[in-house]
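Asker: using only what follows, build the 3D model:
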Amino acid sequence: MKTKYDEAIRFFNMKRWDTALQAFLQVDAGGYGPEEKAELAYYLGLCYTKLERFNDALLYLEQVVSANAETLRTCQCRLTLAYIYMSTGRPKMAEFELDRLVKGGFQSAQIHTMLGFSAWLQKHYKLAIECYERALRLDANNATAMNCLGYILADTGENVRRGLELCRMAVEKRPNSAAYMDSLGWAHYKCGELTEARFWLRRALDLAPRQREISGHMKTLVDEAS
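Answerer: As a prediction, the model looks like this:
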């Protein structure tokens, strides 16, 4: 006989986040031990994250990491906490969670890419470049790290031509990404290649017409050309 918990897991695996959440909330955890309660908190935190109910997610994810057991589940919770903190404009707190992972011996391109993004949000550009370089050393095919590093190198003028090449490689890996097209267009702009910049920024804007950063880049290009 299936329990409410089994049902919740089934909905979770089907990515029916709201239905899974309601099922998890109905689980009677009265007889659960610490490990079982931590697992339930883990799934509740992930469901709330998927539904972008970040304050509720933090409540449950913090319960897992507070147990001080550096398991893969705790690692996932710290990554999720970092994502929430960056999504809600708290990059310093995201950096704290990611640093804990690195100090705990967890190394991945994803972690260093997120550290790079956290540094970029805080305008620590040289640190961001170092983090993205480290991510690419761990995974040379990581399109996110390629795009982000390429954008920073071009935008800051640190190495515009290398930035352009990295952005081009990222678009080749994910040809339908408006964000990557925007980075490539902006890199062309920084190289003074306005025709190519217009082409890629227009494609990005067609895919994501409400994205402010893309609109801002296109406006800069149009104002300069007029």
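Asker: what about the helices in this protein?
Answerer: With DSSP state H applied, the chain shows helices at 4-13, 17-25, 34-50, 54-65, 72-87, 91-103, 109-121, 125-138, 143-156, 160-173, 178-190, 194-207, 212-225, listed in chain order.
Asker: what sits against residue 42?
Answerer: Going by CB atoms under 8 Å, 6 or more residues apart in numbering, residue 42 touches 60-61, 64, 73, 76-77. Placement of C-beta: from N, CA and C, glycine included.
Asker: out of the residues you listed, which are buried?
Answerer: The neighbour-count criterion (16 or more other CB atoms under 10 Å) marks 60-61, 64, 73, 77 among the contacts of residue 42 as buried.
Asker: quick check: the farthest pair among the residues you listed?
Answerer: 60 and 73 (12.2 Å; CB to CB).
Asker: per-domain residue ranges of the chain.
Answerer: In the assignment given by automatic domain parsing, the structural domains of the chain cover 1-106, 141-226.
Asker: among the ones you listed, which comes closest to residue 113?
Answerer: When these are ranked by proximity to residue 113, the top entry is domain 141-226, at 4.8 Å, counting by CB to CB.
Asker: give me the below-cutoff pLDDT ranges for the protein.
Answerer: 1-2, 68-70, 226 (pLDDT under 70).
Asker: and if we set it to 80?
Answerer: Applying pLDDT under 80 to the chain flags the ranges 1-2, 67-71, 225-226.
Asker: still on that earlier bit, can you tell me which of the contacts of residue 42 is closest to residue 193?
Answerer: Comparing the contacts of residue 42 against residue 193 with CB to CB places residue 76 closest, at 41.7 Å.
Asker: show me what contacts that closest one?
Answerer: residue 42.
Asker: now it: how far from residue 202?
Answerer: The gap separating residue 76 from residue 202 is 39 Å, by CB to CB, to the nearest Å.
Asker: now residue 130
Answerer: In this structure, residue 130 and residue 202 are 33 Å apart, going by CB to CB.
Asker: how many residues are close by residue 162?
Answerer: A count of neighbours around residue 162, defined by other CB atoms under 10 Å, yields 14.
Asker: thought it was touching residue 153?
Answerer: Yes. Residue 162 is within contact range of residue 153, at 5.6 Å (criterion: CB atoms under 8 Å).
Asker: any common contacting residues for those two?
Answerer: Common contacts of residue 162 and residue 153, defined by CB under 8 Å, 6+ apart, are absent altogether.
Asker: still on that earlier bit, can you put the domains of the chain in CSV and add distance to residue 120?
Answerer: Conversion of the domains of the chain to CSV gives the following (distance: least, CB to CB, whole Å):
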stretch, distance to residue 120
domain 1-106, 8
domain 141-226, 6
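Asker: which of these is buried the deepest?
Answerer: Relative to the other members of these, domain 141-226 carries the highest mean neighbour count by mean count of other CB atoms under 10 Å, namely a mean of 19.
Asker: off-centre distance for that domain?
Answerer: Between the centre of domain 141-226 and the centre of its chain there are 18 Å (CA atoms, centre = their mean, to the nearest Å).
Asker: which residues does the residue nearest to residue 165 when sequence neighbours are not counted contact?
Answerer: With sequence-adjacent residues excluded and distances taken as CB to CB, 6 or more residues apart in numbering, residue 165 is closest to residue 150, at 7.3 Å. Residues counted as contacts of residue 150 (CB under 8 Å, 6+ apart) are 162-170, 183-184, 187.
Asker: measure residue 150 to residue 193 for me?
Answerer: When CB to CB is the yardstick, residue 150 and residue 193 sit 14 Å from each other.
Asker: right, I'll call it a day here.
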